[in-house]
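Student: fold the following, please.
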Amino acid sequence: MKLIDDIKDYVAKHPWIDRWVINKYTITTVLFGLFFLFVGDQSLIRQLKRARKMHDLQEQIRESRENISTYQRELDYLANPDSLERYAREHYHMHTPNEDVYIVK
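Tutor: Down below sits the predicted model:
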C-alpha cells in the first residue's frame, strides 16, 4: 500500500491531476496495459519486430520467385542445342577449330 500512499502524496502536491488516477482499478489497468505493452512474448514491441521481419521475408520470397522465373526462361532457352551453342559462344568465348574469334568491347 506504500505505492498507493506515494501516489496520493504526489497527487496532493500536484492538484491538476484528477482524482480518478488514485483508483486502484485504474492503477491495475494501467500496470496491466504496460505489462502487455513491454513484457512477454506477445508484447507490442515484439509484434512490431515480427511484422517487420515477416515483411522482409515476403520481399525475399518475391525476389526469389523473380529469380526462379528468370532462370527458368534461361533454362528453357538452353534446352535447344542451337541456342546452347550460341550461348556458349557468346558468354564463354568458345569457338570451333580453325575459327577466328574477335572480341569487341
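Student: what are the ranges of the strands in this structure?
Tutor: Remark: no strands are assigned in the chain by DSSP state E.
Student: helix or strand with the lowest mean pLDDT in this structure?
Tutor: helix 2-13 (a mean of 79; mean pLDDT, DSSP states H and E).
Student: now do the buried residues in it.
Tutor: Neighbour-count burial for helix 2-13 flags no residue at all (criterion: 16 or more other CB atoms under 10 Å). The way it works is simple: take the backbone N, C-alpha and C, and place the C-beta from them, glycine included.
Student: how far does it sit from the chain's center?
Tutor: 44 Å (CA atoms, centre = their mean, to the nearest Å).
Student: which elements pack onto that helix?
Tutor: For helix 2-13, the elements it packs on are helix 24-38, judged by 3 or more CB pairs under 8 Å, 6 or more residues apart in numbering; DSSP states H and E.
Student: between the two ends of stretch 75-83, what distance do you get?
Tutor: End-to-end distance for stretch 75-83, by CA to CA, to the nearest Å: 11 Å.
Student: between the top helix by length along the chain and helix 24-38, how big is the angle?
Tutor: Counting by DSSP state H, the longest helix found in the chain is helix 44-78. Following axes from the mean of the first three to the mean of the last three CA atoms, to 10 degrees, one obtains 30 degrees for the angle between helix 44-78 and helix 24-38.
Student: where does the chain have low pLDDT?
Tutor: Counting by pLDDT under 70, the chain has low-confidence residues at 15-22.
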